[in-house]
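> Output the structure for:
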Amino acid sequence: MKRFHTYGIALFALAAFLLSGCTDSAPSGPTPSLGGATVTKYVSIGNSLTAGYQSNGLYASAQAYSYPNLIAAQLKIAGATIGTFEQPTWPDPGNPDPATGKAARFVIISLADPNNPIIGPAGENVTASQPSNATTLLRPYDNLGLPGALLAGFMDTTGLYQGGFAPAILRSSGGFPKSVYQQILLLKQMGTTPDLVTFWLGANDVLGFAASGGVLPAAGNKPTDAAIFGGLYLQALGALRQALPNAKIVVATIPDVKAVPYFTTVNPKIAPELAALNVDLYYQQHLESGVGSGKTRLTGAYAPLITLEGAIYAPLIGQATGKFYTDNHFPALPAGIDTTKPFGVHPQNPFPDALILDSTEQVMATNAVNDFNTAIKSAAATNNAQVFDAFTFFNNVKANGYSVAGETYTTDYVSGGLFSLDGVHPTSRGYAIVANQYIKVMNSSFGMNIPYVDVASIPGIPGPLGKYIAGKVVPSIPSSAFKSFERVFGVGQ
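Okay, here's the model as predicted:
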């Protein structure tokens with residue numbers, strides 16, 4: 001069998017705007033104001049997207065550009081008297097990977113060889129595993145985004161659905177309440193009742209399933225049941241509205257998983273190679289663990305989507321290798337697997353299910369997102385909440401790009417400027433763009449004139465990028481680098 005030669009992913013065709021700020025000013029408009037409203041306390045509720053998670057980590061220099069923190073700054077310009085918007089802040093280099101104790105965030109380690117860019121964890125020793133303001137802030141945080149949280153995590157007091165960062169953010173061991181909802185009630189009891197709330201939960205109820213390639217045993221290898229999700233969302237928003245009857249609430253829908261580069265980057269680079277070699281990719285279909293019954297050229301409607309983690313193993317297609325099983329510490333090869341056969345082009349050594357979202361899994365994810373978004377809009381209407389339609393926004397960006405301040409952003413991995421190195425969470429500028437979408441809803445729904453964030457003033461993707469020569473290459477990402485990323489979504493726990 002001819003060895004599958006080095007081919008690539010156009011990951012780092014980075015435009016000059018990623019190295020320096022644009023010169024255009026922020027969108028202008030009427031004199032900033034709250035339109036006669038009063039905002040004295042703004043609280044954000046959500047998951048990693050709300051927390052400002054970026055490139056597989058929480059770290060201060062990125063958290064400064066979380067969309068809630070950016071919204072808070074613009075609210076003050078418009079006249080809000082919210083004081084300091086408090087976030088749980090991990091000093092750079094950021095939160096530790098629980099497995100290594102070192103910084104989990106992805107960085108561009110080397111571009112010295114343009115044919116072999118290296119991405120991986122920052123790797124610096126991390127001495128603190130708690131936010132720098134965990135002991136000094138004697139009230140709940142204003143940013144209550146819990147990376148890894150499911151929708152059920154909002155009212156959960158057990159920690160089962162809250163994600164691994166909940167102890168540090170909720171600080172329940174320090175005497176604070178054990179759920180996000182209870183922390184909202186505590187703020188009210190302390191005389192600082194939130195009068196503006198953004199609520200963006202539910203993405204992890206499908207993204208964990210998708211990020212795992214549809215293999216998520218703890219969740220039954222499927223997204224959250226649609227009926228359960230609908231009931232939980234109505235309960236959560238109803239409880240929030242009951243606690244805050246006069247608050248202005250903006251919720252967000254869930255983006256299509258196929259609109260984020262974690263799922264869309266690898267296929268366009270592998271498909272031409274398969275065609276050139278006149279071979280099919282053999283892969284495991286949903287929940288297969290041994291012989292793969294799937295066969296594809298990665299073309300056509302609902303073609304299997306190889307995840308960004310799968311890029312690690314894509315260069316091995318055609319080789320006699322069992323690297324996937326070694327990297328993931330399988331005690332023995334699954335029944336039917338023969339690693340002396342060429343990887344990915346033989347049914348006995350197929351591309352693993354955990355690295356691919358097949359047509360069945362895509363339909364499951366698509367149906368879940370559609371059902372969830374229907375439930376979100378219905379619950380919002382019932383509870384007098386406004387909606388930022390993130391699903392439509394990101395799909396439009398995928399189809400058409402998004403232009404602001406003289407630059408066009410796309411959903412391409414890294415080079416698009418919108419998504420960070422983990423392929424799921426936005427860059428700092430991406431979060432600024434998200435913040436502006438929330439602000440648009442607030443302005444149109446509440447009669448406010450909150451100025452937009454000046455996207456051009458926000459840092460782009462960090463260097464070193466100056467010596468990089470654009471090319472079609474696969475980055476070298478250690479397989480272990482994705483383990484911390486997967487923990488955010490409950491994969492492998």
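
> in what helix or strand does Val441 lie?
Using DSSP states H and E, Val441 falls within helix 428-446.

> Tell me the buried residues in that helix?
By neighbour count with 16 or more other CB atoms under 10 Å, helix 428-446 contains the buried residues 428-439, 441-443, 446. Placement of C-beta: from N, CA and C, glycine included.

> For Leu308, state which of those is nearest.
Gly430 (16.2 Å; CB to CB).

> Ser403 versus the residue nearest to that closest one when sequence neighbours are not counted, what's the distance?
Nearest non-adjacent residue to Gly430, counting by CB to CB, 6 or more residues apart in numbering: Leu418, 4.3 Å away. Relative to Ser403, Leu418 is positioned 12 Å away (CB to CB, to the nearest Å).

> So for those two, which residues contact both of them?
Common neighbours of Leu418 and Ser403 are listed as Tyr409 (criterion: CB atoms under 8 Å, 6 or more residues apart in numbering).

> Compare neighbour counts for the two and give me the winner.
More crowded of Leu418 and Ser403, by other CB atoms under 10 Å: Leu418, with 25 against 9.

> Hmm, Asp353 and Gly213 touching each other?
Yes. In this structure, Gly213 is within contact of Asp353 by CB atoms under 8 Å, at 5.5 Å.

> Tell me which of those two has more neighbours.
Gly213 (27 against 24).

> how about the strands of the stretch 151-300 of the chain, start to end?
Assigned by DSSP state E, counting those that start in this stretch, the strands in the stretch 151-300 of the chain fall at 196-200, 248-252, 281-283, 294-296.

> TSV please, covering those and showing mean neighbour count.
Formatted as TSV, the strands of the stretch 151-300 of the chain follow (neighbours: other CB atoms under 10 Å):
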stretch	mean neighbour count
strand 196-200	25
strand 248-252	24
strand 281-283	24
strand 294-296	18
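
> Out of these, which gets nearest to Ala314?
That would be, of these and by CB to CB, strand 281-283, which comes in at 9.8 Å.

> Could you list every helix and strand that the closest one packs against?
Judged by 3 or more CB pairs under 8 Å, 6 or more residues apart in numbering; DSSP states H and E, strand 281-283 is in contact with strand 294-296.

> Neighbours of Gly159, how many?
15.

> residues contacting it?
166-167, 178.

> now do 7 Å
Contact partners of Gly159, counting by CB atoms under 7 Å, 6 or more residues apart in numbering, are Ala166.

> And the buried residues of helix 428-446, which is closest to Ala320?
Distances from Ala320 to the buried residues of helix 428-446, taken by CB to CB, are shortest for Gly430, at 40.6 Å.

> In this protein, mark out all the helices, start to finish.
Secondary structure of the chain, counting by DSSP state H: helices at 48-51, 60-63, 67-77, 166-170, 180-189, 204-211, 226-243, 261-264, 267-277, 323-327, 359-382, 390-400, 428-446, 481-487.

> would you turn these into JSON lines with distance to Thr31 and mean pLDDT?
Output for these, formatted as JSON lines (distance: least, CB to CB, whole Å; pLDDT from 0 to 100):
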{"stretch": "helix 48-51", "distance to Thr31": "29", "mean pLDDT": "97"}
{"stretch": "helix 60-63", "distance to Thr31": "30", "mean pLDDT": "96"}
{"stretch": "helix 67-77", "distance to Thr31": "10", "mean pLDDT": "98"}
{"stretch": "helix 166-170", "distance to Thr31": "36", "mean pLDDT": "96"}
{"stretch": "helix 180-189", "distance to Thr31": "30", "mean pLDDT": "98"}
{"stretch": "helix 204-211", "distance to Thr31": "39", "mean pLDDT": "94"}
{"stretch": "helix 226-243", "distance to Thr31": "31", "mean pLDDT": "98"}
{"stretch": "helix 261-264", "distance to Thr31": "39", "mean pLDDT": "92"}
{"stretch": "helix 267-277", "distance to Thr31": "47", "mean pLDDT": "91"}
{"stretch": "helix 323-327", "distance to Thr31": "57", "mean pLDDT": "95"}
{"stretch": "helix 359-382", "distance to Thr31": "30", "mean pLDDT": "98"}
{"stretch": "helix 390-400", "distance to Thr31": "27", "mean pLDDT": "97"}
{"stretch": "helix 428-446", "distance to Thr31": "13", "mean pLDDT": "98"}
{"stretch": "helix 481-487", "distance to Thr31": "44", "mean pLDDT": "79"}
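
> Could you dump those helices into a markdown table with distance to Thr299 added?
Output for those, formatted as a markdown table (distance: least, CB to CB, whole Å):
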| stretch | distance to Thr299 |
| --- | --- |
| helix 48-51 | 31 |
| helix 60-63 | 37 |
| helix 67-77 | 36 |
| helix 166-170 | 42 |
| helix 180-189 | 44 |
| helix 204-211 | 21 |
| helix 226-243 | 30 |
| helix 261-264 | 14 |
| helix 267-277 | 6 |
| helix 323-327 | 24 |
| helix 359-382 | 13 |
| helix 390-400 | 18 |
| helix 428-446 | 29 |
| helix 481-487 | 26 |
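
> out of the ones you listed, nearest to Val107?
Among the helices of the chain, helix 481-487 sits nearest to Val107 (CB to CB), with 10.3 Å.

> Give me the distance between Gly101 and Ala227.
41 Å.

> scratch that, Gln130 is what I was asking about
Separation of Gln130 from Ala227 (CB to CB): 38 Å.
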